[in-house]
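S.K.: got a structure for you, letters missing:
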């Protein structure tokens, strides 16, 4: 044991990765439906390992936090800025209301129970499951000019309080969003979700993540014109007959390919390659004539592609309005096969409103898919190379923003690295969607940077916190769980009733919004499972994007206000 202690104390980087490995292993343990997760597990592991006294390099900690907070802003930027509109006013309003309630509750509890600045900030971060607040609050403490020992104690209190209150806050949010909120509103979550689905228009059955329909909805079939009723019809008349759900892609006549234009008239013996929705395509084929397997001259390259939605003409509209918002020339032959939001597939319902950052899965001929992609956003199949110039400049801008100091009532205020990189990440992520020709940062890479940066940062916090953890737990004891439960219940109950009776939101949508307000994805997953519907996702994304920003910035505010 002494040899292990010596090894870790003299190799702090080894200790960091040990904390991550052990933490993520602990985070995978499932008790019933409860699973702690990798980041809280890493913090608990670091606090335990940190009892032996391991020095933490502040530069490593600072770099990790900058990568995490910039990536958080970068992936949230498109959703954050697109949410600031009239169509999403209710959800934005709810997120701001909730953040105010969280601040007021934490501030009140801090004064009633005499919490120090570090404990209050840790309570904010843990109860709301907003890990970024740990960093921004810690930076705010460092700028107060406190004695070194006092600063060390307060920063340690942030980490320990966060670890304990996160456990209770996380569990309560998951249980409340899925099982408590709907009954408190006098509603049945499943029934409300089904009723809302009916309003949106039922198009296809929901699929679980990783599943897809074995029977394809969009097909390509080959037919020969043998029906005299079809002969003499133009391409335009034929496609109009099936409301644009069948598209003529190729035509051969006498062994030669003919250019397909709306005015082209079908003749007996023509061979036609048609694409469309299964039901309409089969009906159209029966109208044309006999199906054929002779494909010479009818070949084309079809492509499935995921498109990241950024176009303002489409954002805010419904799926039913989508074809009116894209010109017929661009959408011809292109079919929407799936809609994904925050990694979850949504059912294709006519009245579902599209949001910036949605991923549209489309299928059609490659040239048509290219045109539709440019009209809607940009392809997710772009280069997997990272634009390190854009990344580096973005983080530099964030660090410089963090150094700007403004004097308010005689006190210096600044964003510090956390706030500066968050703002920079939001702006650079948003600019990337406006001009996707530069600044490439693949989504998987951005998420990896965010998760890995946070893991290193949290491990550093835990290792530094370790020696003071026992003292704080002995001092506060039962108080920390009580405070966490109080913050969560006050914020969730007030937000729930505000959303229901002031904003008039659907209960199933509210359950998703509650999870987003306290940045708890597990709460969303639980609500979706309980509702047996993806409707809660519709209330989650905008509150989550707003809360990620407001709660992160509340870290320094609670430090200064306590």
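M.R.: It's in. Since the structure is predicted, the reported quantities are computational estimates derived from the model, not experimental observations.
S.K.: list the contacts of stretch 499-508.
M.R.: 90, 93-94, 181-182, 185, 187, 189, 192-193, 195-196, 510, 513, 527, 531, 533, 535-536, 539 (CB atoms under 8 Å, 6 or more residues apart in numbering). C-beta: built from backbone N, CA, C; applies to glycine.
S.K.: correct me, but residue 115 touches residue 562?
M.R.: Yes - using CB atoms under 8 Å, residue 115 makes contact with residue 562 at a distance of 6.9 Å.
S.K.: ok, those two, which is more surrounded?
M.R.: Remark: of residue 115 and residue 562, residue 115 carries more neighbours, 24 against 17, as counted by other CB atoms under 10 Å.
S.K.: so what's that one up against?
M.R.: With CB under 8 Å, 6+ apart, residue 115 has these contacts: 109, 123, 483, 562.
S.K.: do residue 334 as well
M.R.: Counted by CB under 8 Å, 6+ apart, residue 334 has contacts 362-364, 368-369, 371-372.
S.K.: residue 141 too?
M.R.: 117-118, 121, 151, 154-155, 158, 559 are the contacts of residue 141 under CB under 8 Å, 6+ apart.
S.K.: now, these that are in helices?
M.R.: 117-118, 121, 151, 154-155, 158, 559 (DSSP state H).
S.K.: Serialize those residues to CSV and add fields for neighbour count, pLDDT and distance to residue 173.
M.R.: Below are these laid out as CSV (neighbours: other CB atoms under 10 Å; pLDDT from 0 to 100; distance: CB to CB, whole Å):
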residue, neighbour count, pLDDT, distance to residue 173
117, 23, 95, 25
118, 29, 94, 23
121, 33, 95, 19
151, 16, 92, 31
154, 24, 93, 26
155, 24, 89, 26
158, 30, 92, 20
559, 25, 92, 24
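S.K.: farthest pair within those residues?
M.R.: 121 and 151 (12.8 Å; CB to CB).
S.K.: would you map the strands across the stretch 301-450 of the chain?
M.R.: With DSSP state E, counting those that start in this stretch as the criterion, the stretch 301-450 of the chain has strands at 302-309, 335-341, 344-346, 359-365, 377-379, 405-408, 411-414.
S.K.: return the most buried member of those.
M.R.: strand 359-365 (a mean of 21; mean count of other CB atoms under 10 Å).
S.K.: partners of that one in the sheet?
M.R.: strand 302-309 (antiparallel), strand 335-341 (antiparallel) (DSSP bridges).
S.K.: nearest to residue 458, out of those?
M.R.: Nearest of those (CB to CB): strand 335-341, 27.4 Å.
S.K.: quick check, residue 250 in contact with residue 264.
M.R.: No - Residue 250 is not in contact with residue 264 according to CB under 8 Å; the separation is 11.2 Å.
S.K.: who has more neighbours, those two?
M.R.: The residue with more neighbours, out of residue 250 and residue 264, is residue 250; 21 against 18, by other CB under 10 Å.
S.K.: would you say the more buried one is within a helix?
M.R.: No - applying DSSP: H, G, I helix; E, B strand; the rest coil, one finds residue 250 to be strand, outside a helix.
S.K.: now it: closest residue in space, sequence neighbours ignored.
M.R.: Computed as CB to CB, 6 or more residues apart in numbering, the closest residue to residue 250 that is not its neighbour in sequence is residue 273, at 3.9 Å.
S.K.: repeat for residue 335
M.R.: The nearest residue in space to residue 335 (CB to CB, 6+ apart) is residue 218, at 4.6 Å.
S.K.: equivalent analysis for residue 48, please.
M.R.: residue 466 (7.2 Å).
S.K.: and for residue 258?
M.R.: residue 251 (4.7 Å).
S.K.: what's the neighbour count on residue 390?
M.R.: There are 17 residues near residue 390, going by other CB under 10 Å.
S.K.: pretty sure it sits against residue 438.
M.R.: Yes - shown here, residue 390 and residue 438 form a contact pair, counting by CB under 8 Å, at 6.2 Å.
S.K.: what touches both of those two?
M.R.: residue 432.
S.K.: quick one, domains of this protein?
M.R.: Domains of the chain are assigned by automatic domain parsing as 2-56+89-197+455-561, 206-300.
S.K.: hmm, back to that, for the residue nearest to residue 258, what are its contacts?
M.R.: Contacts of residue 251 (CB under 8 Å, 6+ apart): 257-258, 260, 264, 266, 270-273.
S.K.: tell me the pLDDT at it?
M.R.: On pLDDT, residue 251 comes in at 94.
S.K.: from residue 263, how far out is it?
M.R.: 12 Å (CB to CB, to the nearest Å).
S.K.: now swap in residue 18 and tell me
M.R.: Counting by CB to CB - residue 18 and residue 263 are separated by 71 Å.
S.K.: where does this protein have its least confident helix or strand?
M.R.: Least confident helix or strand of the chain, by mean pLDDT, DSSP states H and E, is strand 411-414 with a mean of 70.
S.K.: still on that earlier bit, between residue 18 and residue 263, which has more neighbouring residues?
M.R.: residue 18 (20 against 8).
S.K.: please, which helix or strand holds that one?
M.R.: helix 12-27 (DSSP states H and E).
S.K.: list the buried residues for that helix?
M.R.: 15-16, 18-20, 22-24, 26-27 (16 or more other CB atoms under 10 Å).
S.K.: now find how far off-centre it is within its chain.
M.R.: The chain centroid and the centroid of helix 12-27 are separated by 26 Å under CA atoms, centre = their mean, to the nearest Å.
S.K.: for stretch 253-261, same thing?
M.R.: Using CA atoms, centre = their mean, the offset of stretch 253-261 from its chain centre is 47 Å.
S.K.: what comes up buried for it?
M.R.: Buried residues in stretch 253-261 (16+ other CB under 10 Å): 253, 260.
S.K.: how long is that stretch from one end to the other?
M.R.: 14 Å (CA to CA, to the nearest Å).
S.K.: what sits up against that stretch?
M.R.: By CB under 8 Å, 6+ apart, stretch 253-261 touches 235, 248-252, 264, 267, 269-271, 296-298.
S.K.: distance to residue 51 added to the residues you listed, as a markdown table?
M.R.: A markdown table is the format used below for these (distance: CB to CB, whole Å):
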| residue | distance to residue 51 |
| --- | --- |
| 235 | 76 |
| 248 | 72 |
| 249 | 68 |
| 250 | 71 |
| 251 | 77 |
| 252 | 78 |
| 264 | 79 |
| 267 | 85 |
| 269 | 85 |
| 270 | 81 |
| 271 | 77 |
| 296 | 75 |
| 297 | 75 |
| 298 | 72 |
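S.K.: and the furthest pair within those residues?
M.R.: Longest span within these, CB to CB: 235 and 296, 20.6 Å.
S.K.: out of those two, which sits in the busier spot?
M.R.: In this view residue 235 and residue 296 are compared by other CB under 10 Å, and residue 235 has more residues nearby, 18 against 9.
S.K.: tell me the pLDDT of the more buried one.
M.R.: The per-residue pLDDT of residue 235 was computed as 92.
S.K.: circling back: which stretch among the strands paired with strand 359-365 comes nearest residue 476?
M.R.: Here strand 335-341 is closest among the strands paired with strand 359-365 (CB to CB), at 39.6 Å.
S.K.: beta-bridge partners for residue 253, please?
M.R.: In beta-bridge terms (that is, DSSP bridges), residue 253 pairs with residue 256.
S.K.: tell me how far it lies from residue 297.
M.R.: Where residue 297 is concerned, residue 253 sits at a distance of 9 Å (CB to CB).
S.K.: any residues in contact with both of the two?
M.R.: residue 271.
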